[in-house]
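*Asks:* Take a look and give me a structure for this.
(one chain, ligands or ions: 1)
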Amino acid sequence: MKTQYYTATSLDGFIATEDDSLEWLFALGELGETSYPTFIVEVGALAMGSTTYEWMLRNSDAVVASTGSAWPYQQPTWVFTSRKLALIDGADIRFASGDVRRVHAEMQAAAGGKNIWIVGGGDLAGQFYDHGLLDELIVQVGSVTLGKGKPLFPRRALSPKLRLVSVQQLGGMMVELRYEVQNHTAGER
Ligand SMILES: NC(=O)c1ccc[n+]([C@@H]2O[C@H](COP(=O)([O-])OP(=O)(O)OC[C@H]3O[C@@H](n4cnc5c(N)ncnc54)[C@H](OP(=O)(O)O)[C@@H]3O)[C@@H](O)[C@H]2O)c1
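*Replies:* Here you go, the predicted structure:
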């Protein structure tokens, strides 16, 4: 069981524009042509921030077009927010706030031995990283730059924290990079 931050990013490190548009991403290809189908079957629980959740509420047409359903996840999903947000009919959504450690323990218990997917955004993934709870970063880097936007991972992860384990070209517009997070460096345990 691993906790994975799996996301697409622009070449200059943004996962969405400043106004939360993903049009640049949809222009890069179909989900089915990426590692997503094999990734998602190993996922037992998801976490996302409220901006990501509200993007899905606002863009249900685009979500249906790319996944076939307005809420494409069968797995329980924790949405981090300090506000009261609308629920989606039929979706297993649990609202959470504050320290991610308690929520991570709940997610582990619910995931049935499968992986935990931190969907985004970058700071939420960073909160899990801060507590040594993030095991992998799996990033599809698109061949576009945005100049500014929502950051991929607003943390300083200096060597030797991230170990590159694989590089895979996905057509002519994307490359997938997989990193293991070294949560315990020599002498720390
Ligand atoms: N490129 C991709 O593949 C990809 C993947 C995922 C997301 N995205 C997009 O990237 C953007 C991400 O937006 P974002 O960076 O603003 O991040 P986000 O993580 O989706 O949302 C951030 C918000 O979540 C709430 N939150 C986060 N941590 C919390 C905690 N511990 N306790 C309580 N509330 C907490 C806060 O809002 P409140 O308390 O005010 O609710 C915070 O402002 C979205 O547009 C999304 O659609 C892109």
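*Asks:* so who does the most centrally placed residue in the chain touch?
*Replies:* Taking Cα atoms, centre = their mean, the centroid of the chain lies closest to residue 119, which sits 2.3 Å from it. Residues near residue 119 by Cβ atoms under 8 Å, 6 or more residues apart in numbering: 6-7, 46-48, 52. In this view, the C-beta of every residue, glycine as well, is placed from N, C-alpha and C.
*Asks:* Confirm that it sits in a strand.
*Replies:* Yes. Counting by DSSP: H, G, I helix; E, B strand; the rest coil, residue 119 is part of a strand.
*Asks:* near the ligand, from the contacts of residue 119?
*Replies:* 7, 48, 52 (Cβ under 6 Å from any ligand atom).
*Asks:* Residue 184: which of the residues you listed is nearest?
*Replies:* residue 7 (24.2 Å; Cβ to Cβ).
*Asks:* Isn't residue 1 up against residue 112?
*Replies:* No. Between residue 1 and residue 112 there is no contact under Cβ atoms under 8 Å: 9.0 Å.
*Asks:* which neighbours do those two share?
*Replies:* Shared contacts of residue 1 and residue 112, counting by Cβ under 8 Å, 6+ apart, come down to residue 44.
*Asks:* okay, these two: which has more neighbours?
*Replies:* More neighbours surround residue 1 than the other of residue 1 and residue 112, with 14 against 11 (other Cβ atoms under 10 Å).
*Asks:* Now do the contacts for that one.
*Replies:* So residue 1 contacts 44, 108, 111, 113-116 (Cβ under 8 Å, 6+ apart).
*Asks:* same deal with residue 103?
*Replies:* Per Cβ under 8 Å, 6+ apart, neighbours of residue 103: 47, 78, 80, 96.
*Asks:* Which of the three states applies to it?
*Replies:* helix.
*Asks:* quick one: the residue in the chain positioned nearest to the ligand and residue 182, what's the gap?
*Replies:* Nearest residue of the chain to the ligand (Cβ to the nearest ligand atom) works out as residue 49 at 1.8 Å. Going from residue 49 to residue 182 by Cβ to Cβ, to the nearest Å gives 25 Å.
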